[in-house]
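Asks: Here is a sequence together with a model predicted from it:
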Amino acid sequence: MQKSGFVLHGFWRSSTSFRARAALNLKGVEYTQKSYRLREGDQRQPDYLAINPQGLVPSLVTPVGLVLTQSLAIIEWLDETFPEPALLPKDVQGRARVRALAHAVALDIHPINNLRVLSYLQNKFGADDVAQAEWFRHWASATLGALEQALASSAETGTFCHGENVGTADICLAGQMINNKRFDVDDSQWPTVRRITAACLALPAFQAAMPAAQPDAVT
Ligand SMILES: N[C@@H](CCC(=O)N[C@@H](CS)C(=O)NCC(=O)O)C(=O)O
């Protein structure tokens with residue numbers, strides 16, 4: 001499979017799009033981006049729903065027109081198609097650990113803090129910006145506190161979530177930590193999480209994936 005001609009449908013500020021960008025960059029895959037303004041509802045327009053009926057970003061379209069959705073599935077597809085550098089450990093226990101760390105962010109934090117959930121809280125229950133931010137901080141902190149404990153207490157934790165190789169858990173963690181800044185989440189209580197995030201963000205692949213570095217960024 002060639003490493004160019006991919007199209008990433010996403011949004012500069014979306015943490016799930018960040019995950020896809022970081023994985024593509026780590027794999028050295030070239031891609032162009034098509035941007036959807038999430039607050040304006042571009043992701044629910046018919047053209048995009050034809051690509052991804054869920055109306056969520058990201059989606060990745062390969063050079064032969066294969067449509068991939070769900071950031072974790074996109075990352076695994078990239079890892080299986082372009083094995084180096086590996087984003088999951090070689091051993092089965094290591095893979096289970098990295099997936100568990102990644103899932104804690106991707107399945108336990110992100111879905112309940114997503115834009116459509118915050119919008120529903122506002123429209124259905126009258127939650128204003130302050131209340132929505134409080135909701136976000138509460139659910140992000142609940143899981144990140146547990147992740148801090150898991151990472152700080154494990155001998156498997158290294159420069160990154162799992163040893164010295166950056167991988168899927170780091171991608172999810174860094175994306176979440178970037179997003180946290182928009183909601184003033186206090187991360188001083190999670191030194192290991194902070195240290196790992198800083199190590200990730202020092203990598204060129206992550207720097208190039210940063211929201212502010214994207215062509216559609218509005219800052
Ligand atoms: N589980 C999906 C979640 C995708 C998702 O929720 N993306 C957000 C942006 S980070 C989105 O498209 N939100 C649009 C909305 O809430 O309407 C994934 O990992 O790809």
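Replies: The structure has been received and is ready for your questions.
Asks: mind checking the backbone torsions on the nearest residue to N52 once chain neighbours are set aside?
Replies: Distances taken as Cβ to Cβ, 6 or more residues apart in numbering place S59 nearest to N52, at 4.5 Å, with adjacent residues excluded. (C-beta placed from N, C-alpha, C; glycine too.) Taking degrees, to the nearest 10, you get phi -130, psi 150 for the backbone angles of S59.
Asks: For T16, which non-adjacent residue is spatially closest?
Replies: For T16, the nearest residue in space outside its immediate sequence neighbours is S71; the separation is 4.2 Å by Cβ to Cβ, 6+ apart.
Asks: one step back: tell me who's in contact with the residue nearest to N52.
Replies: Residues touching S59, when contacts are defined by Cβ atoms under 8 Å, 6 or more residues apart in numbering, comprise L8, H9, G10, Y48, I51, N52, V67, L68, T69.
Asks: State the distance from the first one to the ligand.
Replies: The one in question is L8. Counting by Cβ to the nearest ligand atom, to the nearest Å, the gap from L8 to the ligand is 12 Å.
Asks: Doesn't that residue lie inside a strand?
Replies: Yes: when the secondary structure is assigned by DSSP: H, G, I helix; E, B strand; the rest coil, L8 falls within a strand.
Asks: ok, now how distant is it from D108?
Replies: L8 sits 25 Å away from D108 when distances are taken as Cβ to Cβ, to the nearest Å.
Asks: now do the third one
Replies: G10 sits at a distance of 22 Å from D108 (criterion: Cβ to Cβ).
Asks: So between the two, which is more surrounded?
Replies: When G10 is set against D108 and neighbours are counted by other Cβ atoms under 10 Å, the residue ahead is G10, at 27 against 16.
Asks: partners of the more buried one in the sheet?
Replies: In this entry, G10 is beta-bridged to S35, by DSSP bridges.
Asks: hey, where'd the helices end up in the chain?
Replies: 15-27, 46-49, 71-81, 92-103, 110-113, 115-125, 129-152, 168-181, 191-201, 204-207 (DSSP state H).
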